[in-house]
Structures are given as C-alpha cells and as structure tokens.
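Participant: Give me the fold of what follows.
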Amino acid sequence: MEIGAIVVGFIYWWPVGLALVAWKLAGYPAFAEMRDAARRAASEFEGGRPASRFARAFEAANRRDSSGNAAFDAYRRTELDRLEAQRRALEEESRAFSEFVEELKRARDREQFDAFMAKRRAEGGDRSV
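Facilitator: Okay, the predicted model is just below:
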C-alpha cells in the first residue's frame, strides 16, 4: 500500500513522492503529533518572542493533574512558586544590569565626546559653522 502511494506520488508530482518517502523513513509520525508540534511552534512565538524553556516547563507542570498525594502536590506547588519568584527576581536583576551597562556606555560616550571637544578647542579654537 505504502509503496503504491509512493510510486503514484512520484508519477503524479515528484515532490509528493519524495515527501512520502521522507514520511516513511521518519517512522510515520502520527497526525496528532504533527499537529501538536505545529501548535507548540506557533505558541513559542507568542508576543513576538519565543517562550523560554523554563516558562514552557512551568506551564506544563501547572497543567498536570494532581499526583494523588496532597502533601506532594502542596510541596510541588510551593517549590514551583519559589522557582517562579526566583525567575522573576533574576529577570529584574538582568534588566537592572542592562540599564547599568547602558548608563556606563552613555558616560563613556560623553567622556569621549568631551575629550574630542577639548582637543578641538586646544588645536584651533571653536570652529563653529
């Protein structure tokens, strides 16, 4: 059956036959799996940027049903909340560091510009246009 479909695919239009061969070699990925992979790929670019690995894992952990053990579920919830708070704190530190680096760049640029202007004035005065 598959070989017949591949032959017909090559006869009809060679890319179809090639796609069927690739599909056969890939081990027949189920349509539901392909649909889920496409949905994951589409949801990664939510908001114009891909979701982080941690965010995907956090969401997956929160979607899971309970383990059946209330104590473990409470522990898991507490740990996930702690990790989420840590992630937010790390993002805030990262943002603050980026702002600090930008401020250093602005200060360095200002210093270089001031040095240029001082040198220019010393060489021949202020040559305003």
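Participant: going forward, measure contacts and count neighbours with C-alpha atoms only.
Facilitator: Will do.
Participant: what about the protein, any weak spots by pLDDT?
Facilitator: 1, 27-35, 42-52, 56, 60-65, 125-129 (pLDDT under 70).
Participant: how about the nearest residue to Phe58, chain neighbours excluded?
Facilitator: Leu80 (7.4 Å; Cα to Cα, 6 or more residues apart in numbering).
Participant: What is the neighbour count of that neighbour?
Facilitator: By other Cα atoms under 10 Å, 15 other residues sit near Leu80.
Participant: starting at the chain centroid, how far to the helix or strand hosting Arg106?
Facilitator: Using DSSP states H and E, the element containing Arg106 is helix 70-124. Its chain's C-alpha centre and that of helix 70-124 lie 20 Å apart, by Cα atoms, centre = their mean, to the nearest Å.
Participant: Then stretch 10-30?
Facilitator: What separates the centre of stretch 10-30 from the centre of its chain is 31 Å, taken as Cα atoms, centre = their mean.
Participant: how about that stretch: buried residues?
Facilitator: Going by neighbour count (16 or more other Cα atoms under 10 Å), the buried part of stretch 10-30 is Phe10, Val16, Gly17, Leu20, Val21.
Participant: Could you report the separation of the first one from Leu20?
Facilitator: Read it as Phe10. In this view, Phe10 and Leu20 are 9 Å apart by Cα to Cα, to the nearest Å.
Participant: Overlap of the contact sets of these two?
Facilitator: Between them, Phe10 and Leu20 share no contacting residue under Cα atoms under 8 Å, 6 or more residues apart in numbering.
Participant: Relative to Ala22, how far out is Pro84?
Facilitator: For residue 84 the amino acid is Glu, not Pro. Where Ala22 is concerned, Glu84 sits at a distance of 41 Å (Cα to Cα).
Participant: again, but for Phe72
Facilitator: Distance, Phe72 to Ala22, by Cα to Cα: 44 Å.
Participant: ok, now Leu90?
Facilitator: 43 Å.
Participant: Also Phe58?
Facilitator: Distance of Phe58 to Ala22, given as Cα to Cα: 34 Å.
Participant: residues in contact with stretch 67-82?
Facilitator: Residues outside stretch 67-82 that contact it (Cα under 8 Å, 6+ apart) are Phe58, Ser66.
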